[in-house]
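Engineer: Quick check, what structure comes out for this input:
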Amino acid sequence: MPKSVVIIPTYNEIENIERMLDTVMSLERPFDVLIVDDGSPDGTAEKVREKMSQHKGLIHIEERSGKLGLGTAYIHGFKWALARDYDYIFEMDCDFSHNPEDLPRLQEACEQGAGVAIGSRYVKGVNVVNWPMSRVLLSYFASVYVRFITGMPIQDSTAGFKCYRRSTLESIDFSNIQFVGYAFQIEMKFTAWRKGIDIVEVPVIFTDRTQGESKMSSGIIKEAIFGVLKLKIRSLFTKV
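Structural biologist: This next block holds a predicted model:
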């Protein structure tokens, strides 16, 4: 049986963390979970430790001293997972915008040969629930913009719900990954695509969080917009 781990970065997710861990642990296909918590003051880490005692060896936590960015949280998790011989390594949000029930479908895409499987909101229409139209349009046209600038044939280039084959992450030099916000998601896909790794989009329904606060900010949006230009320019002068 292949080993799979779901990396979930957290900051103040006390409203969601217990239900999320219970949901993943209840799936028919087994998944370990690694929480990377950035010093949540609301007790998120304490709740994770409670669940660890109930599911020994399946739930893990890495605690960091403060908010260090989404990208660095995932890279921390990638290194942790690679050191422990996991075959499939996932990115997933804690707020249920990504449905844990879709985890097996993403893994199946990688088992069938994909190097990266993306839980895609836009590969079959627009599958977003509870977002205001302004945010739907921002997200959708951001992906159009990324395709235009980079040439990547990916409908949902900013998606953060992904499964990686171990070999994909082993091929990436994390020290070259520069971005920490949503541009991190684009940069990881762009890096894999430039390496010729097969990227498959699996249609999912994205539902906006109902508990807790969004981490979206204007700085994250700016990083994504200008980061794409930097990625493209840098790619003209560097090899993967």
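Engineer: name the element Glu201 belongs to?
Structural biologist: Using DSSP states H and E, Glu201 falls within strand 199-203.
Engineer: what separates that strand from the chain centre, distance-wise?
Structural biologist: 14 Å (CA atoms, centre = their mean, to the nearest Å).
Engineer: quick one: average confidence on that strand?
Structural biologist: Averaged across strand 199-203, the pLDDT comes to 98.
Engineer: Let me know the secondary structure of the closest residue in space to Leu106 that isn't next to it in sequence.
Structural biologist: Here the nearest residue to Leu106 in space, its sequence neighbours aside, is Cys163; by CB to CB, 6 or more residues apart in numbering that works out to 3.9 Å. Where you see a C-beta, it was placed from the backbone N, CA and C, and this is true even at glycine. In the three-state summary, Cys163 is assigned as strand, counting by DSSP: H, G, I helix; E, B strand; the rest coil.
Engineer: One more: the one 5 residues further on?
Structural biologist: Following three-state DSSP, we place Thr168 in the helix state.
Engineer: thought Ile59 was touching Glu50?
Structural biologist: No. Ile59 is beyond contact range of Glu50, at 9.8 Å (criterion: CB atoms under 8 Å).
Engineer: neighbour count winner among the two?
Structural biologist: With other CB atoms under 10 Å as the criterion, Ile59 and Glu50 differ in neighbour count, and Ile59 comes out ahead with 21 against 14.
Engineer: where along the chain do the helices fall?
Structural biologist: Using DSSP state H, the helices of the chain run over 17-25, 44-54, 70-82, 103-111, 133-150, 166-170, 182-194, 218-235.
Engineer: could you give the angle of the first one to helix 44-54?
Structural biologist: Relative orientation of helix 17-25 versus helix 44-54 (axes from the mean of the first three to the mean of the last three CA atoms, to 10 degrees): 40 degrees.
Engineer: going forward can the numbers begin at 882, since that is how I track them
Structural biologist: Sure thing, new numbering starts at 882, so read that last one as helix 898-906.
Engineer: who touches helix 898-906?
Structural biologist: 887, 889, 891, 894, 912, 914, 916, 925, 928-929, 931-932, 936, 939-940, 975, 977, 981-982, 984 (CB atoms under 8 Å, 6 or more residues apart in numbering).
Engineer: Tell me which helix or strand in the chain has the weakest average pLDDT.
Structural biologist: Across the helices and strands of the chain, mean confidence by mean pLDDT, DSSP states H and E is lowest for helix 1099-1116: a mean of 79.
Engineer: Great, nothing more from me.
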